[in-house]
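> Please find the sequence and the predicted model below.
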Amino acid sequence: MPTVFAQIIDGQLPARFVHTDDVAVAFLSIAPLTEGHTLVVPRAAVDQWTDAAEPLLQHCVSVAQRIGNAVKQAYGAPRAGLVIAGLEVPHLHIHVFPVWTLEDFDFSRAKQASDEELDQAAALIRAALAGGS
């Protein structure tokens, strides 16, 4: 059975994409740690990051770095957080989000985002990516 991320990538489930290429996609988390929380996901259904071929993992991290710079710019954050937890969905994904304190890494504080919040975050991140961040 395909993972929820495979279904999103295939267009079976909705998502706010901020990046797509032949290898990976990036879309907003529906339960963000902070506004702008984005997931970088390879198109290939790899369960764990330790199972990924090195070029695939390098590509995903490169995309995550671009997204990290964009969320810092979009939200005026001093840092971008990066977490590879791998427990929620059995499909490699990298969490990237703007951070101000260590509390921003606390997954128990994640909350469901509204459609309006997700639309606004996607617009801000896309604009930052288009600006060359």
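Nice, thanks for sending it over. No experiment lies behind these values; they were computed from the predicted model shown.
> Could you use CA atoms for every contact and neighbour count after this?
Fine.
> need the strands for this protein, in chain order.
17-20, 24-28, 38-42, 79-83, 94-99 (DSSP state E).
> To residue 11, which of the ones you listed lies closest?
In terms of C-alpha to C-alpha, the element of those nearest to residue 11 is strand 17-20, at 10.8 Å.
> hmm, who's touching that closest one?
Contact partners of strand 17-20, identified using C-alpha atoms under 8 Å, 6 or more residues apart in numbering, comprise 25, 26, 27, 28, 122, 125, 126.
> mind checking pLDDT for residue 132?
With respect to pLDDT, residue 132 scores 56.
> Grab the most central residue of this protein for me.
Geometric centre of the chain, nearest residue: residue 39, 1.7 Å, by C-alpha atoms, centre = their mean.
> For that residue, give me its contacts.
26, 27, 28, 29, 93, 94, 95, 96.
> Swap in 6 Å and give it another go.
When contacts are counted by C-alpha atoms under 6 Å, 6 or more residues apart in numbering, residue 39 touches 26, 27, 94, 95.
> For the residues you listed, which entry has the maximal number of neighbours?
Most neighbours among the contacts of residue 39, by other C-alpha atoms under 10 Å: residue 26, with 26 neighbours.
> all helices in this protein, in order from the N-terminus.
Under the criterion DSSP state H, helices of the chain are mapped to 4-9, 54-75, 115-130.
> Just to check, residue 36 is in contact with residue 122?
No. Counting by C-alpha atoms under 6 Å, residue 36 does not reach residue 122; the two are 7.3 Å apart.
> between the two, which one's more packed in?
Neighbours were counted for residue 36 and for residue 122 using other C-alpha under 10 Å; residue 36 has more, 29 against 24.
> ok, and the closest non-adjacent residue to residue 48?
Leaving aside its sequence neighbours, residue 48 sits nearest to residue 92 (C-alpha to C-alpha, 6 or more residues apart in numbering; 5.2 Å).
> Can you pull out the low-pLDDT segments for the chain?
Applying pLDDT under 70 to the chain flags the ranges 132-133.
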